[in-house]
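Enquirer: The following comprises the amino acid sequence and a computationally predicted model.
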Amino acid sequence: MRDVAVVGFAQRQMQEFDGSPTCVELLVPLFAECYEQTGWSRRDIGFWCSGSSDYLAGRSFSFVQAVDAIGVIPPVNESHVEMDLAWAVYEAWLKIQTGEVDTALVYAFGKSSAGLLRRTLALQLEPYTMTPLWPDTVSLAGLQARAGLDAGLWDEQAMAEVANRSLTDAEKNEYAVRKGGSSVADLLSRPMYADPLRKHDCAPVTDGAAAIVLAAGDRAREVRDRPAWLSGISHHVDPMSMGTRDLTRSPSTARSGAALDLDGVDLAELHAPFSHQELVLRRELGLGDDVRINPSGGALTSNPMFSAGGIRIGEAARRVWAGESDKAVAHATSGPALQQNLVCTLDASTGSTDGGDR
Amino acid sequence: MSKQPAAVIGVGQTHHRAKRDDVSMAGLCREAMDRALEDAGLTLDEIDAIVVGKAPDLFEGVMMPELFLAEALGAAGKPLLRVHTAGSVGGSTAIVAASLVQAGVHKKVLTVAYEKQSESNAMWALSVPVPFNMPVHAGAGGYFAPHVRSYIRRSGAPTHVGAVVAAKDRTNALRNPYAHLHNEGTTVESVLASQMLWDPIRYDETCPSSDGACALVIVDEDVAASSPNPAWIHGTAMRSEATTAAERDQVNPQASRDAAASLWKQAGITSPIDEIDVAEIYVPFSWFEPMWLESLGFAEEGTGWKLTESGETAMDGRLPVNCSGGVLSSNPIGASGMLRFGEAALQVRGAAGEHQVDGARRALGHAYGGGSQFFSMWVVGAEKPQH
Amino acid sequence: MSRTLSAPVTVAFDYTRSTGPVLGRFLTGLRDGVLVAGRTSDGEVVVPPPEYDPVTHAATTDFVEVSPTGTVVSWSWVAEPVAAQPFDRPFAFVLVLLDGATKPFLHALDVASPDEVSTGMRVRVRWRAERTGAITDIEGFEPVTDPAPPAPGPRSTLDPVTGVVTPVALDYTYAASPEESAFYRGLAEGRILGQRCPTCAKVYVPPRSACPADGTPTTDEVELSQTGTVTTFCIVNVPFLGQRITPPYVSAYVLLDGADIAFLHLILDIPADQVRMGMRVEAVWKPREEWGTTIENISHFRPTGEPDAAYDTYSQHL
């Protein structure tokens, strides 16, 4: 396989974006930041791929106008996934692996606040016997949280510890929309929101966008002294049904993690929009207590739909660039109660002995 | 670095209809998938990864339907991707699936694209009102009609050329058991006599609205060795540009020309009209046949209509186009591009049945979407590519 | 004043879903007041039945009826229900293991407070009186406190359920981009405002958050002429949902004098079959008292009577 690294990352996250659901005006400065980080222009980008959802925008073809932000004369080699940014990263990584291109810029955007997000997401469910009941995202996560509480796999204390650590770390993240840790006792004294979940157990509704630049081999080395090499990337999906899967587990995360070499991981950015989900993910990936979890504050403090998963990759990469991590794992999720998951490793060294070109 | 060889060894599609009210969305997809798997001689369990494509989620009213479909499609426990690039999505999805093999990541990939348009109304789903604006278009036909008019003005084409395309494609569809429309006796005269909907586009020059799906099995060199008739992928191209831009050529968009140039180069083709034996081109409104013939380089600019008018794009012509009946005869939007790609594969595999072009060795599959701004295309051949 | 203009939009459609045989069997059962499960190849009894077996991938064909009574295996309290949920008052979503099934079933539980729910509690289905063959034929579950009510009446002899209508209505707040907002605000003053791209110098109307040619936001404001040239057009003869004008009418690209991109509007005050490419037209505004921040302030364009523009003055805009 070719050595491919994350060499650029830009993000914007906010409670309510005062702009259009196409988010073009949000993307323009993000791309500019990516060019500044890499020293490239749009003409240096071999492939573009975006992630978004028509249901966030409330209209068909909501991604179409986003290409304006690139500037598409001459036209570009471009694709779009109706998925989170992390899967756009995957498609771009594939494109680079085919040898067709050496560089890619992927981006995603979403204005969650345009609708009532937890209700909109009920459209993501099985449409014959689930959506007509409009089970909202928070309720479905609550069923999952309760299953683990009842089984004794985690307790309220553990959930509050996740939230408190996230809120504390988010104080250092200028993009986090919810921040400020207190104590586990304080969090547990707060009222239930959707029993068994308190507000701080649930990701805040967040608008935003993000962009990631990928490059192969020497193109990556020309940008950074310590590129974050994507030494492994894997993703899987589980069945949707809330009844037939064990909600306390995430087989697709475990399977994705097992496809990678997680030895020596010192940092993890896990996309857990609900506090108990971080506990599930840590277990499935076998992350020990010595692994630093979500130094960005994670999705509990900021969760822009369709970019939050990819932001985990960007946040992990940025710490590899800075020398704060030698090997990080990043995770993204999609669908109700951790249905679909992607896991990748970001490494300070390539690990390959052949220069990465077959 | 070069791409790993990849080939299509299984093609499946549904019987396309206005309403497939006998099946659910999963049932529709599985009908195409099971045919593709049978064609490939593989089982669902042997597939490494699944790539799903479809057009806007508002059509079926399900956000990211691949999630609820995952188990029924046999994707549970596997990698699953969902592509959406407007009308070109069926083609783009096939290209993404091919890249999973070409990248050396997987050996056996199944891709399925579908649309179940009868669950809602495409015209509604595409024209949810935008505040402060006013709806003056009337659906896709209203969008494309002015550009067809521009083509006619620019090329000086006789106004019946669109009807020639419609009569040909509808007649070709009679040989395709899967086609939605089986309109016996469609002639140039009958098309010209049909109602003018979006002048200059007549009713019989427009695509139907269909429920349908298409699936392909794409495999690496080792797996393809066991197939009696793999369709080797000789080149793939995707290009995008803006819906509207100052002085954008909306008749012959640069993204289309750029994609074609890249495609022919990859496939080592210097004269498409001589080296391509059969083409499946995305023609939802009849006039797009001559327009794309020019843009793709089969004819000089302004002369595509001459190929059409002289019968060179008929089944027995120099470049048979849309022998399956094309989008004009079946249009499950999300699947329409993959049907073009799949029909091209069937032709070079000698497996197109009644609409087979004798001796087809290299074929083009083509799709476009949005406001003529997203393009995806591939060339498949009976021989393994040399490089 | 906010940077952007915004307005509510409702996206609503009653989707007509065909169910296929497996879900049809389940929904037919609901109409009859019974719960139909599927037996999978690995021996599980699952409600609703999976359309395809999770192991063999074959269509489910083995159906069994299970009890409308069962045990709560997980629950989540809904303190603030959203529109169209089973109850408009607080309730619980529950996973219920129905007696006879091996996997739980998702629905709602009608109790007044979270104190009345617990994992392990016994609940039973409360059927809706009028049933159509939809998941909403079950109003919800209720705690088992007394002897079971009489089972629903005899099974219908109606045809099996093959379809279900699902209304989907979502409310959004739509916002125009800052550049578009400036354009709409200009219209409220009777002006057509474009903006020039600082990179390529093209004048865009409406202005753009990113010039599609080079990705730069358009900036310098340019007030455009109210006259222009029809580049190309379509005569609309077809009625469609949401149409405001009775066909036939002409929708046309109008290249306003001073703009580098054509702009879509209506051409009226001339028979549709006399509209021409190159025709010179001018904006006709509605009475001022009807103006808002909308393109609809311009009622339509009409011929100016000037000679047609030469083809090569607009051919690069086609």
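Expert: Right, received. Where do you want to start? Just so we're clear, the structure is a prediction, and the values are computed from it rather than from any experiment.

Enquirer: Read off the pLDDT value for whatever residue of the stretch 151-300 of chain A ends up closest to chain C.
Expert: Per C-beta to the nearest C-beta, the residue of the stretch 151-300 of chain A with the smallest distance to chain C is A:Asp195, at 3.8 Å. Where C-beta positions appear, they are placed from N, C-alpha and C, glycine not excepted. The predicted local confidence for A:Asp195 comes out at a pLDDT of 97.

Enquirer: Test my guess that it contacts C:Pro90.
Expert: No. Checked against C-beta atoms under 8 Å, the pair A:Asp195 and C:Pro90 is beyond contact range at 10.2 Å.

Enquirer: Those two: who's more crowded?
Expert: Remark: of A:Asp195 and C:Pro90, A:Asp195 carries more neighbours, 20 against 15, as counted by other C-beta atoms under 10 Å in any protein chain shown.

Enquirer: nearest spatial neighbour of that one, skipping sequence neighbours?
Expert: With C-beta to C-beta, 6 or more residues apart in numbering or on different chains as the criterion, A:Asp195 has its nearest non-adjacent residue at 3.8 Å, and that residue is C:Trp77.

Enquirer: In the sheet, which residues pair with the one you found? Tell me.
Expert: Beta-bridge pairing of C:Trp77 under DSSP bridges involves C:Ala92.

Enquirer: just checking, it touches A:Gly142?
Expert: Yes. Counting by C-beta under 8 Å, A:Gly142 is a contact partner of C:Trp77 at 7.1 Å.

Enquirer: which of those two has more neighbours?
Expert: The residue with more neighbours, out of C:Trp77 and A:Gly142, is A:Gly142; 30 against 24, by other C-beta under 10 Å.

Enquirer: follow-up on the earlier one: shared neighbours of C:Trp77 and A:Gly142, anything?
Expert: Residues within reach of C:Trp77 and of A:Gly142 at once, by C-beta atoms under 8 Å, 6 or more residues apart in numbering or on different chains, are A:Ala194, A:Asp195, A:Pro196.

Enquirer: And the pLDDT for A:Thr353?
Expert: We note a pLDDT of 51 for A:Thr353 in this prediction.

Enquirer: same check, this time on the one 4 residues further on
Expert: According to the model's per-residue confidence, A:Asp357 sits at a pLDDT of 48.

Enquirer: Do stretch A:132-145 and chain C come into contact?
Expert: Yes. Using C-beta under 8 Å from any C-beta of the partner chain, stretch A:132-145 reaches chain C at A:132-136, A:138-145.

Enquirer: In helices, which of those residues fall?
Expert: Among the residues of stretch A:132-145 next to chain C, the ones falling in helices (DSSP state H) are A:Val138, A:Ser139, A:Leu140, A:Ala141, A:Gly142, A:Leu143, A:Gln144, A:Ala145.

Enquirer: The second one reaches A:Ala194, doesn't it?
Expert: This means A:Ser139. Yes. A:Ser139 is within contact range of A:Ala194, at 6.2 Å (criterion: C-beta under 8 Å).

Enquirer: re the thing from before, residues shared between the contacts of A:Asp195 and C:Pro90?
Expert: Contacts common to A:Asp195 and C:Pro90, judged by C-beta under 8 Å, 6+ apart, are C:Trp77, C:Ala79.

Enquirer: Quick one: end-to-end length of stretch A:93-102, please.
Expert: 10 Å (C-alpha to C-alpha, to the nearest Å).

Enquirer: Alright, calling it a day.
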